[in-house]
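>>> how does the following fold in three dimensions:
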Amino acid sequence: MDRRGDEQLLAEHLAGAPDAFGQLVTRYVNEVYGFLCRFVGNEAVAEDLTQDTFVQVHLSAASFDASRAFKPWLYTIAANKARDYLRTRGRRQEFSLDASADEDGPFPSQALAADEPPLEERLESEEQREIVRKLIARMPEHLRLILILGYFQQLPYAEIADVLHIPVGTVKSRLHAAVNYFARLWRGAQQRQAQGRGSK
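You can find the predicted model right below:
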């Protein structure tokens, strides 16, 4: 495992080290893909946006502010790519039942699970994930983004503040609002499920 820090790797990349940028990509490609997959709701688009993100990092490396941390800067670029996509596509969301951002591999959508659970468990799990994705897609963009950053990507408050260029206090209040918003959507979805089972 390469123990060089992100900022050191970026500096070495700028200095011409041949392996430094590849190490950054290896370190963050699955994480960025997972973020983008959840945010735009489309595996193929998330793969394209992940590649676009790292191309942008490569092109903008010389303008990186060394007083910042690399990871929030990376997420800022990824979030901007996703927002641009959603604006150009009119916020249209697409989902697939087998989407997963938690598997290993160059891109999670291309990976194969080694020890799969029984079919019944897989179907239930996929159904729940699909419900979560669709509910997140219904959230306002600013709440959806902060929920993904805080709860799925598990970024610290300070890093989220850096990504979104807002104070930490605003991060906390907005994240609280996002959780409450999602909880209301989730309760509604659970009630509809229960009603659907009761009518059968």
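
>>> against Leu36, how distant is Lys81?
Going from Lys81 to Leu36 by CB to CB, to the nearest Å gives 8 Å. In this view, the C-beta of every residue, glycine as well, is placed from N, C-alpha and C.

>>> so between those two, which is more surrounded?
A side-by-side neighbour count of Lys81 and Leu36, using other CB atoms under 10 Å, places Leu36 first with 27 against 22.

>>> grab the nearest non-local neighbour of the residue nearest in space to the middle of the chain.
Taking CA atoms, centre = their mean, the centroid of the chain lies closest to Phe35, which sits 0.8 Å from it. Distance criterion CB to CB, 6 or more residues apart in numbering; nearest residue to Phe35, sequence neighbours excluded, is Gln153 at 5.4 Å.

>>> show me the contacts for that neighbour.
By CB atoms under 8 Å, 6 or more residues apart in numbering, the contact set of Gln153 is 31, 34-35, 75.

>>> scan these and report the most crowded one.
Most neighbours among the contacts of Gln153, by other CB under 10 Å: Phe35, with 27 neighbours.

>>> circling back to that earlier point, who touches both of Lys81 and Leu36?
Here Lys81 and Leu36 have 49, 53 as joint contacts, going by CB under 8 Å, 6+ apart.

>>> put the alpha carbons of the lowest-mean-pLDDT helix or strand in the chain into CSV.
In the chain, the helix or strand scored least confidently by mean pLDDT, DSSP states H and E is helix 119-138, which has a mean of 75. Written as CSV, here are the backbone C-alpha positions of helix 119-138 (Å, rounded to 0.1, in the frame of the first residue of the first chain):
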residue,chain,number,x,y,z
LEU,A,119,-31.6,-15.5,-4.3
GLU,A,120,-34.3,-14.5,-1.8
GLU,A,121,-31.9,-12.3,0.2
ARG,A,122,-30.4,-10.8,-3.0
LEU,A,123,-33.8,-9.8,-4.3
GLU,A,124,-34.9,-8.3,-1.0
SER,A,125,-31.6,-6.4,-0.8
GLU,A,126,-31.8,-5.2,-4.4
GLU,A,127,-35.4,-4.1,-3.9
GLN,A,128,-34.5,-2.0,-0.8
ARG,A,129,-31.5,-0.5,-2.6
GLU,A,130,-33.7,0.4,-5.6
ILE,A,131,-36.2,2.1,-3.2
VAL,A,132,-33.4,4.1,-1.6
ARG,A,133,-32.1,5.2,-5.0
LYS,A,134,-35.5,6.3,-6.2
LEU,A,135,-36.2,8.2,-3.0
ILE,A,136,-32.8,10.0,-3.1
ALA,A,137,-33.5,10.9,-6.7
ARG,A,138,-36.7,12.7,-5.6
